[in-house]
Each structure stands twice: as structure tokens, then as C-alpha cells.
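Novice: quick one: sequence and predicted model below, then my questions.
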Amino acid sequence: KDSICVKVIESRAGSKILSGFIPQRNATVVERAIAEGAIVVGKNSQDEFGFGSYNVNVGVGFEVPKNPFDEKRACGGSSGGSAGFASLTKFSHASFGESTGGSIVCPASFCGVVGFTPTYGQFSRYGLIDYGNSLDKIGPITKTVEDSAIVLESASGVDPNDSTSVHSKKENFSSFVGEKPNGKTLGVVKEFCEKGRLESGVEKIFFDKLSALEKEGFKIKEVSLALNEKFAIPTYYLMSTPEASTNLARFCGMRYGLQKDFSGNFNEYFSQIRSEGFGLEVKRRLMLGTFARMSGFRDAYYLRALKVRSKLLKEFKAAFKKVDFLVHPTMPFVAPTFSEIKNFSPLQHYYADLFICPANLGGFPHVSVNAGFSNGLPVGFMFTSDHFGESELIRAGSLLEELK
């Protein structure tokens, strides 16, 4: 993903405002992958700074990636280029995506590949051009669960350059591929799977695979995430946009990226650079985030959102006392066409991530695995586990792959 820095390769996070920015060092995940023998073949298109669900909010100089199964449809966002490329390659390949509110599993679902979002802190964020620091997570997008497991082995672990990275136990993740997760319980999220919530093709494929997993020994139990269903999206935007507003304040044409001959006062120069360098969706979110963190509003919006987030996290924790995994379709519909996306309101764009935003808010690991095809278009099946449950996700995800 273009927001992950690669040494001496232009890294713009999909934005015109970072034109010409050439990092002088690799992101930690890139450095660790190279140390294991990986070869970097390029950077992938993304929604500008990660702001989008369909990878149509690209900056000047970037192409909107087209779905490998139908070029009239989107790849999903914001790591759309990463998922599209992972789907198309004929050789052994892994893309590094990044998820703030669902940007790994959404495009993985739409492009028929595996998207693995690890526990917050499992991968170092050093070298990531941040969107929202308390939410950003780097993770692999691959053709198979085994490939994701190999990337997890090489890239995870504490990093002295990132204070949010964790001292998790070093695991041989690929050894869990093909292991049957005996006696585990799948918690079907009631609010995300109720009648009328899903496209008919998505609904059929999901429940067919659920039945197949039950025959493999999984227990099935319905669980509720009522608070998350109601409050996750507004909480996410009242947390992520103030953090983005703070992070993107550094892009003002002084140190790197887009620059012009200085004229007028500093405020006029900064406004000129940012007006020209940022796209429409970036401006929308920066205005929302700046408002929410202003003096007099910070307590009412951002800090209150943090309190709500803790309640949403507790709802997940309570669910994991009853079940081992939470499951639902990754997205309620297959990849939409570009003509359909043009008619979506900003609110429709934001609520597209309703199923995948809650796990991201809580920093829970989750994986989207292709479950089948509806009218020739991929459908993702998403497993979420408790924090640091990556090994269990690999077991469950690889079993689902075998059921195809």
C-alpha cells in the first residue's frame, strides 16, 4: 500500500500533497520482509490517506484500480490496489495493506483473496504514513491463508521504533495451517446476519459455508453486538478524523512533498498548498476532525467517542466469553459498480464499513477468506477472534479454504 514507506521509492499515501516524497528508510514490516528474502516489486494505489471504502478517492497521478473479476466494479478500499494485485498475480506474492476501519478485509472480500488484520500492535507502524494512530494496523493481503501466516511470522513483533508495538509471543504461524480447530464455537453476529440485511447471493453463500463448518465440528451460537451495530460507525469517525486532522497538519509544503515559491504570509501559503494538494474526501474529513478537536468541542466529541469505544470493546470481550470466533459476511454485498458508487452519499460511503469497523475499533484480529462467488463475484467470510488469537484465525481460515 502506498502509505507504507519503501526506501528510495516515492511513497505518497495516494495524495498529490506528497508528490516527490522519497523515504530514506524502509518501514519496519518492509525491512523484516526483505530480511526474509522478499523482493519489493512496487507500490499499490489506495484511497488518499486511506479515506474511502472503494478506492475511488485517489490523488492526482493515481489510477482507480479495477476489480479483477469485472472492470466496471471497484476493488474496495482503502487498500484496493493491494487486493486487486494480489488477486491478479500468477507468482507467489503478498501485499502489505493497512486497516484503520476495515481497509484490509473490504478489498480482500471484493477481490476474492485473503485479508488478514492482526491485533493492534502486532505489526510495527514505523514507516507508515498515519491516518489515525490509535486505529492503524498493517497486515497482509495474500492468495491463501498460509501465505498470510508466513508474512505474520516474518513481520510481527516488538519494534523499538514504535512504542505501540507489543512483546507478543513469537509463533510459527504457518504450522497452524491445516490444523482442525476442534470444539470451537462460532458466534454468528445477529445484527449483521438478519433477514434483509444481506444481498441474497451473499446470504446464501455465507449460510452454506456456516453449515459446512458445523459439519466439520464447529458449534454455532447466535450472539448480539447491538451497541457496536448502533454506535461503531459514528464512534469511528469521531475518533479517526480528529487524529487524521492532527497527523495531516504536517503536510503544508515546507519540509517535503508539494511545494511552491513562497509568497504572502505563512497562512496563505499553507492554505494554497493544502487546497491544491488534498482531494475532496480528505478535505471533508479534515474539516470534520478539526471541528471535533477544537477547544470547547474536544470533550463533547473526541473524548466522548473514546468512552463509547471502551463500551464497544467490552461488548466484544463479553461475546468472547461465550464463543471463540465472531463470524459474518465481510461485506453485505458484492463489489459495486463505479456508476453505483457515484450515486452514493458520503454517509452511504461511511456506513459501507458497518460490519468491519467494530473489530477495528477494538483492535481485534480478523481475517476475510473467500467463501464463494455470487454471479461470478467474490464473497468474503470474516472470522474475528479475541486479542492475539491469530493462530486460531489461521486454523479456522485455512479450514474454510479446504471446504471450497
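Specialist: Alright, I've got the coordinates. Numbering: from 1, shown residues only.
Novice: what stretches of the chain score poorly on pLDDT?
Specialist: 404 (pLDDT under 70).
Novice: residues in contact with residue 95?
Specialist: 1, 44, 79, 82-83, 85-86, 140-142 (C-beta atoms under 8 Å, 6 or more residues apart in numbering). To be clear about C-beta, it is placed using only N, CA and C from the backbone, and glycine gets the same treatment.
Novice: packing partners of the longest helix seen in the chain?
Specialist: For the chain, the helix that runs over the most residues, judged by DSSP state H, is helix 226-247. The contact analysis (3 or more C-beta pairs under 8 Å, 6 or more residues apart in numbering; DSSP states H and E) places helix 226-247 against helix 190-193, helix 280-292, helix 304-320, helix 346-351, helix 357-361.
Novice: which of those helices sits most buried?
Specialist: Among these, helix 357-361 has the highest mean neighbour count (mean count of other C-beta atoms under 10 Å), at a mean of 27.
Novice: and whichever helix or strand comes after it, what's buried?
Specialist: Moving toward the C-terminus from helix 357-361, the next helix or strand (DSSP states H and E) is strand 366-374. By neighbour count with 16 or more other C-beta atoms under 10 Å, strand 366-374 contains the buried residues 366-372, 374.
Novice: do you have the helices of the stretch 101-250 of the chain handy? List them.
Specialist: 105-111, 145-155, 190-193, 200-215, 226-247 (DSSP state H, counting those that start in this stretch).
Novice: before we move on, the earlier item: which one of the contacts of residue 95 has the most neighbours?
Specialist: With neighbours taken as other C-beta atoms under 10 Å, the top of those is residue 79, carrying 38 neighbours.
Novice: report the spatially closest residue to it, excluding sequence-adjacent ones.
Specialist: In space, not counting the residues next to it along the chain, residue 79 is nearest to residue 97; the distance is 3.5 Å by C-beta to C-beta, 6 or more residues apart in numbering.
Novice: now, which of the buried residues of strand 366-374 sits nearest residue 399?
Specialist: Of all the buried residues of strand 366-374, residue 399 sits closest to residue 369, with 9.4 Å by C-beta to C-beta.
Novice: residue 23 touches residue 3, doesn't it?
Specialist: No: using C-beta atoms under 8 Å, residue 23 is not in contact with residue 3; the gap is 11.2 Å.
Novice: backbone phi and psi for residue 66, please?
Specialist: phi -110, psi 140 (degrees, to the nearest 10).
Novice: specify the beta-bridge partners of it.
Specialist: residue 74 (DSSP bridges).
Novice: list the contacts for residue 236?
Specialist: Applying C-beta under 8 Å, 6+ apart, the residues near residue 236 are 101, 135, 353, 357, 360-361.
Novice: among these, which two are most distant?
Specialist: 135 and 353 (12.1 Å).
Novice: need the residues touching each of these two.
Specialist: Shared contacts of residue 135 and residue 353 (C-beta under 8 Å, 6+ apart): 101, 236.
Novice: tell me, how many residues neighbour the closest residue to residue 68 other than its chain neighbours?
Specialist: Distances taken as C-beta to C-beta, 6+ apart put residue 87 closest to residue 68, at 4.5 Å, once the chain neighbours are dropped. For residue 87, the neighbour count with other C-beta under 10 Å is 23.
Novice: for residue 226, same thing?
Specialist: If you count neighbours by other C-beta under 10 Å, residue 226 ends up with 11.
Novice: likewise for residue 174?
Specialist: With other C-beta under 10 Å as criterion, residue 174 counts 18.
Novice: so who does it touch?
Specialist: Per C-beta under 8 Å, 6+ apart, neighbours of residue 174: 146, 149-150, 153, 394.
Novice: gap between it and residue 23?
Specialist: Distance, residue 174 to residue 23, by C-beta to C-beta, to the nearest Å: 30 Å.
Novice: ok, residue 382 touching residue 365?
Specialist: No: using C-beta under 8 Å, residue 382 is not in contact with residue 365; the gap is 11.2 Å.
Novice: so these two - more neighbours on which side?
Specialist: residue 382 (31 against 25).
Novice: gap between the more buried one and residue 213?
Specialist: From residue 382 to residue 213 the distance is 13 Å (C-beta to C-beta).
Novice: over to residue 306?
Specialist: In terms of C-beta to C-beta, residue 306 sits 36 Å off from residue 213.
Novice: then residue 291?
Specialist: On the measure of C-beta to C-beta, residue 291 and residue 213 end up 45 Å apart.
Novice: do residue 318 as well
Specialist: 23 Å.
Novice: with residue 134 instead?
Specialist: 33 Å.
Novice: what is the end-to-end distance of stretch 14-22?
Specialist: 14 Å (C-alpha to C-alpha, to the nearest Å).
Novice: what do you get for stretch 20-29?
Specialist: First residue to last in stretch 20-29 (C-alpha to C-alpha) measures 22 Å.
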